[in-house]
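[1] following is a predicted model, sequence given first.
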Amino acid sequence: MEIHQLRYFVAVAEQRHFTRAARDLAVAQPSISKQIRLLEEELGAVLFHRMRGNVALTPAGETLLPWARRVLSDLDTAVDEVHELAGLRRGRLSVGATPSLTTAILPAALARFRAAYPGIDLKLQEAGSRDLVRELDEGALDLALVILPVRHRSLVTEPLLREELVVAVALEHPLAARASVTISELRDVPLVMFREGYDLRETTLAACAAAGFHPRFAVEGGEMDGVLRMAAAGIGVAVVPSMVVTHGGALHAVRISRPSLGRTVAFAHRKDRRPSRAASELMESVTTLVRGREWLAGMPAGLELITSPEG
C-alpha cells in the first residue's frame with residue numbers, strides 16, 4: 001500500500017468522481033484509476049461502486065476512508081512539524097468552525113495569523129459542531145472551534161468563551177418591541193429552524209420540550225446565513241448566538257429569560273497528538289482577540305459574553 005494510493009482513494013471518495021479527483025490532484029485520470037485498482041487488488045476488496053457519472057463507496061471503502069484520512073493527516077502533520085523548524089515559513093493548517101464563529105470571530109483572527117505567517121496554507125471547514133467533531137476524529141481537521149459538550153474519547157477540548165443565545169426577529173416583528181421573552185412565549189411563534197447537525201437546533205428543541213411544547217416551524221433545514229436572512233424577511237424568528245446579531249442591522253436581538261440560554265465555545269483537537277505550532281499560534285490569535293473583546297463592538301447594546309475566557 002502506497003501513500004499516493006491513499007491520497008487518490010480519499011480524493012475520489014470525497015469528490016465521488018474519478019475525473020474531478022484527477023483534476024484536483026493534477027494527475028491523469030487513468031493513473032488514478034490504475035492505482036485504485038492496484039489498491040483494491042492488494043486489499044482484496046472493491047472500494048467503489050462504479051456508476052455512470054459518479055462513484056459511491058462500498059462497505060469496504062467506508063471502512064477504509066477514516067483510517068486513510070488519519071494516516072494522511074498524521075503524515076502531513078509530521079511534514080508540517082519539520083517545516084516549523086524553519087520558523088513557520090511553510091506548512092498547512094486545516095481549521096473548522098461553526099458558521100456563527102466564521103462570521104463574528106474567526107475572520108479577524110485568521111487575518112492576523114495570515115499576516116504573521118503568510119507561508120502557511122489555510123483550509124477552513126464551516127459546519128455544525130457535530131460534523132466538525134466527526135472530521136476531527138477522522139483526521140480531516142487539525143483544529144476546530146466547537147460547542148460543548150463534546151463527548152468523544154479521541155478529542156480534547158479547551159473552553160474559550162460562554163455566550164448568550166437570543167431570539168433574532170425582524171425589526172417590524174411584534175417581538176421587536178420586547179426587551180426579553182420567555183421560552184414559553186415562543187409556543188405559538190413560528191421558528192426558522194436550523195438543519196440537523198447544528199447544536200442550536202438541539203438546544204432550542206430541548207428548551208421548548210422542557211417548557212412543555214414542540215415549536216412550530218415556519219421553515220427548517222437552513223444554514224446560518226439562510227436562517228438570518230429568513231428571520232430578517234419576517235418568515236419567522238430564530239434562536240441564535242448573540243454575536244451574529246449586529247447593532248443597526250436587519251435584525252433585533254431579544255434576550256431570553258426563564259430560562260436564559262447560552263453556549264460554551266471551545267477549541268478541540270485530537271488527543272493522540274499535540275497541536276502543531278501553527279495550530280497553537282492560531283489558538284493564541286483567537287484567544288487574544290476574544291480577551292480583547294474587540295469583536296463585541298458590533299453587537300447590540302447590552303449584549304456581551306456571559307463569562308469571559310479569564311473566568
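    Nice, thanks for sending it over.
[2] and the residue of the chain lying at maximal distance from its centre, how far from Phe48?
    Distance to the chain centre peaks in the chain at Glu41, reaching 36.4 Å (criterion: C-alpha atoms, centre = their mean). Distance of Glu41 to Phe48, computed by C-beta to C-beta, to the nearest Å: 13 Å. (Each C-beta comes from the backbone N, C-alpha and C, glycine too.)
[3] give me the pLDDT for the residue farthest from the centre of the chain.
    We note a pLDDT of 92 for Glu41 in this prediction.
[4] contact partners for Phe217?
    Neighbouring residues of Phe217 by C-beta atoms under 8 Å, 6 or more residues apart in numbering: Pro190, Leu191, Val192, Met193, Gly236.
[5] likewise for Tyr8?
    Applying C-beta under 8 Å, 6+ apart, the residues contacting Tyr8 are Ala21, Leu25, Val27, Ile32, Gln35, Ile36, Leu39.
[6] again, only this time at 7 Å
    Tyr8 makes contact with Ala21, Ile32, Gln35, Ile36, according to C-beta atoms under 7 Å, 6 or more residues apart in numbering.
[7] okay, these in CSV with neighbour count next?
    Supplementary listing: those in CSV, determined by neighbours: other C-beta atoms under 10 Å:
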residue, neighbour count
Ala21, 24
Ile32, 22
Gln35, 19
Ile36, 23
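[8] just curious, which of those is nearest to Gly119?
    Using C-beta to C-beta, Ala21 comes nearest to Gly119 of the contacts of Tyr8, at 26.6 Å.
[9] wait, isn't the closest one in contact with Ala11?
    Yes. Using C-beta atoms under 7 Å, Ala21 is in contact with Ala11, at 3.9 Å.
[10] which parts of the stretch 1-150 of the chain are strands?
    Counting by DSSP state E, counting those that start in this stretch, residue ranges of the strands within the stretch 1-150 of the chain are 48-51, 54-57, 91-97, 120-126, 143-147.
[11] and the first one, which residues are buried?
    Right, strand 48-51. Of all the residues in strand 48-51, those buried under the rule 16 or more other C-beta atoms under 10 Å are Phe48.
[12] which helices and strands does that strand pack with?
    When contacts are defined as 3 or more C-beta pairs under 7 Å, 6 or more residues apart in numbering; DSSP states H and E, strand 48-51 packs onto strand 54-57.
[13] in its sheet, what does the strand it packs on sit against?
    Partner strands for strand 54-57, per DSSP bridges, with pairing direction: strand 48-51 (antiparallel).
[14] quick one: the strand it pairs with to chain centroid distance?
    Per C-alpha atoms, centre = their mean, to the nearest Å, the displacement of strand 48-51 from the mean C-alpha position of its chain is 30 Å.
[15] and if you look at stretch 273-285?
    Here stretch 273-285 shows a centroid-to-chain-centroid distance of 17 Å under the convention C-alpha atoms, centre = their mean.
[16] average model confidence for that stretch?
    Averaged across stretch 273-285, the pLDDT comes to 88.
[17] can I get it in PDB, CA atoms only?
    As requested, C-alpha coordinates have been extracted for stretch 273-285 and formatted as PDB (Å, rounded to 0.1, in the frame of the first residue of the first chain):
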ATOM      1  CA  ARG A 273      -1.100  14.200  19.200                       C
ATOM      2  CA  ARG A 274      -0.300  17.700  20.400                       C
ATOM      3  CA  PRO A 275      -1.400  20.700  18.300                       C
ATOM      4  CA  SER A 276       1.200  21.800  15.700                       C
ATOM      5  CA  ARG A 277       2.900  25.100  16.200                       C
ATOM      6  CA  ALA A 278       0.700  26.600  13.500                       C
ATOM      7  CA  ALA A 279      -2.400  25.400  15.300                       C
ATOM      8  CA  SER A 280      -1.100  26.700  18.600                       C
ATOM      9  CA  GLU A 281      -0.400  30.100  17.100                       C
ATOM     10  CA  LEU A 282      -3.900  30.300  15.700                       C
ATOM     11  CA  MET A 283      -5.400  29.400  19.100                       C
ATOM     12  CA  GLU A 284      -3.400  32.200  20.600                       C
ATOM     13  CA  SER A 285      -4.600  34.600  18.000                       C
END
